[in-house]
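> next one to model:
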Amino acid sequence: MYDARRDITLPIRMFSLTASSRKSTGATIRTRPLATSHGANDPRTDRSRYHLEFDWTGTADPTAWLAIPAAIETVGAMDPAGWPGVMVANRALAIAARDVLATALGVEPPAPDPMLGAMAALPVPWLAGRPDADGDRSGRPLLAAGFEVPVTAFPVPAARPGDATGRAVPTAHLVRVSAQRYDVLGEYEALATAIRRCDPRHRA
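Next up is the predicted model:
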């Protein structure tokens, strides 16, 4: 999946999916495409099931890719300085949003302004040292209040020291926000109010 809104203003990233299956008789491929493939019912045996199902997936719609040139032109026209102006405005809004949320959370910003682009992440103090599932649960009241904002465990299981099983608890949970020209500071202030309502320290 390609996120033009995000990736146009960031360095190019490349993603790959690596999967393998045993070649022993009767082994099945556990990795399946999200969209049903044209090869899902292909009886051929000259190609692996993996290739038959992934090489030509169904329901592909090129509309989003075809719309990208118009989207680039439209968003660039939203600022007199073009895309450089859009990027400066997005970054300024992300920093302002970060400051609003830092106050609500009662934490210091973990990264200085020069390290930020159009995104910012902050630790949720009452989730420090809690299991991954607690972070997932903490996002539900925000979603119910109309805010779709990620609350993610940090670091990811593979990067947690002293544990190769993925069962070690994270050191922190982060709430992350991003900024775009269609966002306004008032939305982040409303999010900050919703976060305060989730803070058990305010309910004590």
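> contacts only, for residue 86.
Listed by C-beta atoms under 8 Å, 6 or more residues apart in numbering, the contact partners of residue 86 are 9, 75, 76, 78, 79, 181. Every C-beta, even on glycine, is put in place using the N, C-alpha and C of the backbone.
> need phi/psi at it.
Residue 86 has phi and psi values of phi -60, psi -40 when expressed as degrees, to the nearest 10.
> so which of the contacts of residue 86 wins on neighbours?
Within the contacts of residue 86, most neighbours by other C-beta atoms under 10 Å means residue 75, with 19 neighbours.
> number of residues surrounding residue 183?
When counting by other C-beta under 10 Å, one arrives at 16 neighbours for residue 183.
> report the lowest-confidence entry in the contacts of residue 86.
Taken together, the contacts of residue 86 show their lowest pLDDT at residue 9, with 54.
> which helices and strands does the helix or strand hosting residue 176 pack with?
Using DSSP states H and E, residue 176 sits within strand 172-178. Packing contacts for strand 172-178, counted by 3 or more C-beta pairs under 8 Å, 6 or more residues apart in numbering; DSSP states H and E, involve helix 83-105, strand 119-123, helix 132-144, strand 151-154, helix 185-198.
> burial measure for the closest residue to residue 134 other than its chain neighbours, as a count.
Distances taken as C-beta to C-beta, 6 or more residues apart in numbering place residue 127 nearest to residue 134, at 5.8 Å, with adjacent residues excluded. Close neighbours of residue 127, defined as other C-beta under 10 Å, add up to 21.
> wait, doesn't residue 127 sit right on residue 175?
No. Counting by C-beta atoms under 8 Å, residue 127 sits too far from residue 175 to count as a contact (9.3 Å).
> overlap of the contact sets of those two?
Common contacts of residue 127 and residue 175 (C-beta under 8 Å, 6+ apart): residue 151.
> sorry, back to before: neighbouring contacts of the strand holding residue 176?
By C-beta under 8 Å, 6+ apart, strand 172-178 touches 6, 94, 97-98, 101, 105, 118-124, 127-128, 130, 134-135, 138, 149-154, 188, 191, 195.
> output it as PDB, restricted to C-alpha atoms.
Extracted C-alpha coordinates of strand 172-178, given in PDB (Å, rounded to 0.1, in the frame of the first residue of the first chain):
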ATOM      1  CA  ALA A 172       6.800   2.900  26.800                       C
ATOM      2  CA  HIS A 173       3.700   3.400  24.800                       C
ATOM      3  CA  LEU A 174       3.600   6.400  22.400                       C
ATOM      4  CA  VAL A 175       0.800   8.400  21.100                       C
ATOM      5  CA  ARG A 176       1.600   9.700  17.600                       C
ATOM      6  CA  VAL A 177       0.100  12.500  15.600                       C
ATOM      7  CA  SER A 178       0.700  13.900  12.100                       C
END
